[in-house]
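In: Here is the input, now give the coordinates:
(2 chains)
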Amino acid sequence: MFQSLVNWARVKSPWILHWNTGACNACDIEVLAALTPRFDVERFGVLLQGTPRHADVIVCTGPVTKQVKDRLIKVYNQTPDPKFVVAVGSCACSGGAFRGCYNILGGVDQAIPVDAYIPGCAARPDAIIDGVVKLLAKLQGKAG
Amino acid sequence: MAEVKIPIGPQHPALEEPELFLLTVDGEQIVDAEMRIGYNHRGMEKSAEFRTFMQTLYLYERICGICSHSHTTCYIQAVEEIAGLEIPPRAKYIRTLIAELERIHSHLLWLGIAGHEIGFDTLFMYSWRDREFVQDILEEITGNRVNYAINTIGGVRRDIPENKIDDYLKALDILEERCGYYTKVAFEEGTLAARLGGVHYLSKEKAIELCACGPFARASGVATDVRFEEPYLAYPEIPFNLITYDSCDIFGRAVVRILETIESIKICRYILKNLPPGEIKLEKVPKKIPEGEAVSRYEAPRGEDIHYVRSNGGEKPYRAKVRAPTMQNLPATMESLKGSYIADAPIAIASIDPCFSCTDRIAVVRDIRSGKESRVRLRDLSKYGKGGRR
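Out: The predicted model follows:
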């Protein structure tokens, strides 16, 4: 009973942490654009948080540079369970255009486990919303 | 009271990108400010050397997603100068149009972020809503909302559809009206002036001494703009004004950006009404670029962007160096932070419209007077890039 209440709360209001892991800013502005009036993900209860300790979902953009890797793992460990990671943009999924650069790992899944991949260079806000909704559906499935 | 060191970053709600600012504070006042860049370093200049000139164009589009057109245009101007290509006038106009639309979207984006930093979220939501008008135009012309990839060697990829020009002009009219409203908010409403007036002061002398550029310098009364100093693309034929403001603080930077947006809208309107007919790209473009080197300057939304390209006659650039505007503005920013209050630090850092994905780089300093030949291997670069500490 209590668990279903928790799950309901989690699905209705996922709080996200936006974390640039070496992206070119394009996906970042699209993530922010998804929060603003034209696209407005707040209608799904999605709220941007400043600290990993308040977040349920980590939204990562960028191919993960070698310097950011340790911080990324730290931020991931600071986020309370259950946590979900969304990789936004082609370079967060696989390295994208930066493949072959000497200072990147090539994809967020090289550092931490990823639950949803949203491809696109840059991923459009519509695609980001679609990805978030699919993630929520997955959560609901888990809850049910 | 003892001095305390406060780190801001790499993950911090006030920063869009991972960077570390180390502020030493005495009570409320910042006495010393240090920063450490490099979290966003990907090694693009090196990987450009393994790609052809055309592939590098698309790689350099991704130096920064906000000023992507700036970097490609700056790079391609250098390549075309080496190859001796003169692009058709219509292509020049289309490139200029995209450049100005990009400036509008970047400045509105900054206005929103600045509003968010000072807790004025209404302004954030308003300006990002209005920004979507520009995004729609950009998407219709180029096919993508960001990273437009309109440039190609010898011209542009896509033409502007004639039957859509009226729609674009209408959207620009709405946008101009909205910018008029923001000017009113800035000058009459009082919130912005009260919060931003006098904060992060940078005098005109200091701005010149520390080589600030772009709207950051123009807000300190320094009349610097590459579009005037060394006109490129179609700028020599277009009438527009140089905006400066002499309040030397963040309020001035906001005003300069809002007025520049209005100026950019006028440029876009002029271009759409006076688009020369003809081809949009050259028929034949050489795959191999002849031996030579070139430096190209460009006024990006954040300031002066410089690209240096050297070719040794092959299909790939021998060197393609980038100097982004944020790099230029950082010394002045850190200098002005000293003496201001800790609560003003987020908006002060945001006020230069920082873009660290353009900025982060490795510099290896070697003494050439010793006469020893020195080489930096890829393995070394990778080791430096991993960094950790300076």
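In: Run through the strands of chain A in chain order.
Out: If you assign secondary structure with DSSP state E, the strands in chain A sit at A:15-20, A:47-49, A:57-61, A:84-88, A:116-118.
In: so who does residue 111 touch?
Out: Went with chain A since none was named. The contact partners of residue A:111, taken as CB atoms under 8 Å, 6 or more residues apart in numbering or on different chains, are A:64, A:69, A:72, A:73, A:76, A:105. Quick note: C-beta positions are derived from backbone N, CA and C, even for glycine.
In: Can you look at chain B instead?
Out: Residue B:111 sits in contact with B:123, B:127, B:182, B:254, B:257, B:258, where contact means CB under 8 Å, 6+ apart.
In: Just confirm it is within a helix.
Out: Yes: inclusion of residue B:111 in a helix is indicated when DSSP: H, G, I helix; E, B strand; the rest coil is applied.
In: quick one on the thing from earlier: filter the contacts of residue A:111 down to just the ones in helices.
Out: Members of the contacts of residue A:111 lying in helices (criterion: DSSP state H): A:69, A:72, A:73, A:76.
In: Among the residues you listed, name the buried ones.
Out: A:69, A:72, A:76 (16 or more other CB atoms under 10 Å in any protein chain shown).
In: Which residue is the nearest non-sequential neighbour of the last one?
Out: With sequence-adjacent residues excluded and distances taken as CB to CB, 6 or more residues apart in numbering or on different chains, residue A:76 is closest to residue A:112, at 4.6 Å.
In: Correct me if wrong: residue A:67 contacts residue B:42.
Out: No: judged on CB atoms under 8 Å, residue A:67 makes no contact with residue B:42 at a distance of 10.2 Å.
In: now chain B, which segments are flagged as low pLDDT?
Out: Under the criterion of pLDDT under 70, the regions of chain B flagged as low confidence span B:1, B:371, B:373-375, B:384-390.
In: on that earlier part again, of all the strands of chain A, which one comes closest to residue B:308?
Out: With distances scored as CB to CB, the stretch of those nearest to residue B:308 is strand A:15-20 (27.3 Å).
In: In the sheet, which strands lie alongside the closest one, parallel or antiparallel?
Out: Applying DSSP bridges, strand A:15-20 is found paired with strand A:47-49 (parallel), strand A:57-61 (parallel).
In: That strand versus strand A:84-88: what angle between them?
Out: For strand A:15-20 against strand A:84-88, the angle by axes from the mean of the first three to the mean of the last three CA atoms, to 10 degrees is 40 degrees.
In: hang on, the earlier thing: so which of the buried ones among the ones in helices among the contacts of residue A:111 comes closest to residue A:23?
Out: Proximity of those to residue A:23 (CB to CB) peaks at residue A:72, which lies at 12.3 Å.
In: Now do the same contact list for that closest one.
Out: The neighbours of residue A:72, taking CB under 8 Å, 6+ apart as the test, are A:19, A:21, A:60, A:64, A:108, A:111, A:112.
In: what two of the residues you listed have the greatest distance between them?
Out: The span of the contacts of residue A:72, defined through CB to CB, is set by A:19 and A:111 at 11.4 Å.
In: neighbours around the closest residue to chain B within chain A, how many?
Out: Residue nearest to chain B within chain A: residue A:26 (2.4 Å; CB to the nearest CB). Counted with other CB atoms under 10 Å in any protein chain shown, residues neighbouring residue A:26 total 27.
In: sorry, back to before: just send the contacts of residue A:111 back as a markdown table, with pLDDT too.
Out: Output for those, formatted as a markdown table (pLDDT from 0 to 100):
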| residue | pLDDT |
| --- | --- |
| A:64 | 88 |
| A:69 | 87 |
| A:72 | 89 |
| A:73 | 91 |
| A:76 | 91 |
| A:105 | 85 |
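In: Closest one of those residues to residue B:36?
Out: Minimum separation from residue B:36 among these (CB to CB) is found for residue A:69, which lies at 16.2 Å.
In: State the distance from residue B:49 to residue B:318.
Out: As defined by CB to CB, to the nearest Å, residue B:49 lies at a distance of 7 Å from residue B:318.
In: Comparing these two, which shows the higher neighbour count?
Out: Taking other CB under 10 Å, residue B:49 and residue B:318 do not tie; residue B:318 has more neighbours (15 against 12).
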